[in-house]
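Chemist: Need coordinates for the following:
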Amino acid sequence: MCAGDVHRAWQDVLDRYGLTKESRIGYSIGVGYPPDWGEHTVSLRANEQTILEQNMTLHVMLGMWMDGWGIEFSETVAVTASGVESLTQFVREVVVI
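Modeler: Next comes the predicted model:
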């Protein structure tokens, strides 16, 4: 699977609601890839052809910010042989601010 496939899966969900996410939804992290808005090593964005390989770690941010409201889901994951493993160990609940 390539990074663009991940973005496409998110956009497929948004399409059902008439929404679009043009910016990236995640990026590589780890010892060799400290988080930075400009590193562009692996970006989960449309048409990104970087192949996701086992043991890569990514910060996935599925956020939508609209006029007067927004949502964001943030998850740190490791790519495994069969998919991904969540590295986030927080209770999953909706927080309304």
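
Chemist: now the residue most central in space within the chain, nearest residue through space, not along the chain?
Modeler: By Cα atoms, centre = their mean, the chain has its centre lying nearest to residue 60, at 2.7 Å. Of all residues not flanking residue 60 in the chain, residue 26 sits nearest, at 4.0 Å (Cβ to Cβ, 6 or more residues apart in numbering). Any C-beta I mention is one placed from the backbone N, CA and C, and that applies to glycine too.

Chemist: Check the contact between that neighbour and residue 43; I expect there is one.
Modeler: Yes: with contact defined as Cβ atoms under 8 Å, residue 26 counts as touching residue 43 (7.4 Å).

Chemist: More neighbours: which of these two?
Modeler: Using other Cβ atoms under 10 Å, the more surrounded residue of residue 26 and residue 43 is residue 26, with 22 against 19.

Chemist: what residue ranges in the chain score low on pLDDT?
Modeler: 32-40 (pLDDT under 70).

Chemist: redo that, cut-off 90
Modeler: Residue ranges of the chain with pLDDT under 90: 20-22, 27-42, 63-74, 88-97.

Chemist: As a check, name the ranges of all strands in it.
Modeler: All strands of the chain, identified by DSSP state E, fall at 26-29, 57-66, 69-80, 83-86.

Chemist: Just the buried positions in the longest one, please.
Modeler: What it means is strand 69-80. 75, 76, 77, 79 (16 or more other Cβ atoms under 10 Å).

Chemist: For the residues you listed, give me a markdown table that also has distance to residue 11.
Modeler: Shown next, in a markdown table, are those (distance: Cβ to Cβ, whole Å):
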| residue | distance to residue 11 |
| --- | --- |
| 75 | 17 |
| 76 | 21 |
| 77 | 18 |
| 79 | 20 |
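
Chemist: Out of those residues, the closest to residue 85 would be?
Modeler: Of all the buried residues of strand 69-80, residue 77 has the smallest distance to residue 85: 6.4 Å, by Cβ to Cβ.

Chemist: Okay then, goodbye and thanks.
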